[in-house]
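Q: Okay, sequence plus prediction incoming.
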Amino acid sequence: MTYHIPSEENIQNALVNIFKKIHIVNSQKELKKLVTNELKTKNKNYGVSGKRLRNIAIQTDFIKLDIHSREGDPKKILSKCPVCDSSLNRVKNLTIWGGEVTIEFRCLKCGYWTGKKKRIPSRYIFHFIKK
Ligand SMILES: [Zn+2]
């Protein structure tokens, strides 16, 4: 069985159809199953990676991502958002001695944030949001 690569538009349309019926999808794996089922035709099967699917879902205006995570290594340097690959915003705080200290990193695109103990995303929940 060969898998076809769906276009971004195909995936967006599939997401629209799915979230008309279901308002919460509890994992990326489940969403992937729903989308590939939605795209499937009589003689074509589609394959989409979880990461690609997640990024397309983030870009829609009707899906909100809930990121569950576990604690990671405080020494790890994050150069990009581990969820959507966007650049992270440093949220700085002034110390009582007048210096600056970075306390948090935030992603403005998907809502991921982390403090000193780098949060490692472990599960994604997709919510339907009304426009
Ligand atoms: Zn992000």
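A: Received the coordinates, thanks. None of the values given here were measured: they were computed from a predicted structure.
Q: residues of the helix or strand containing residue 51 that come out buried?
A: Assessed by DSSP states H and E, residue 51 sits inside helix 50-59. For helix 50-59, a neighbour-count test (16 or more other Cβ atoms under 10 Å) marks 53-58 as buried. No exception for glycine: its C-beta is placed from N, CA and C like everyone else's.
Q: what's the answer for stretch 110-121, then?
A: Judged by neighbour count using 16+ other Cβ under 10 Å, the buried positions of stretch 110-121 are 110, 112-114, 118-119, 121.
Q: Could you tell me which ones among those residues also sit near the ion?
A: 110, 112 (Cβ under 5 Å from the ion).
Q: farthest pair in the buried residues of stretch 110-121?
A: Greatest spacing in these, by Cβ to Cβ: 110 and 118 (15.8 Å).
Q: coming back round to it: what helices or strands is the helix holding residue 51 leaning on?
A: helix 8-21, helix 28-39, strand 63-71 (3 or more Cβ pairs under 8 Å, 6 or more residues apart in numbering; DSSP states H and E).
Q: The ion contacts on this structure?
A: Within the chain, the positions lying close to the ion (Cβ under 5 Å from the ion) are 81, 83-84, 86, 107, 109-110, 112.
Q: Kindly write the ChimeraX command that selects the buried subset of these.
A: The buried residues among those can be selected in ChimeraX (16+ other Cβ under 10 Å) with this line:
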select :81,83,84,107,109,110,112
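Q: Just the ones in strands from the residues of the chain next to the ion, please.
A: Among those, no member is found in strands (DSSP state E).
Q: Just the ones of the residues of the chain next to the ion in helices?
A: In helices, judged by DSSP state H, none of those are found.
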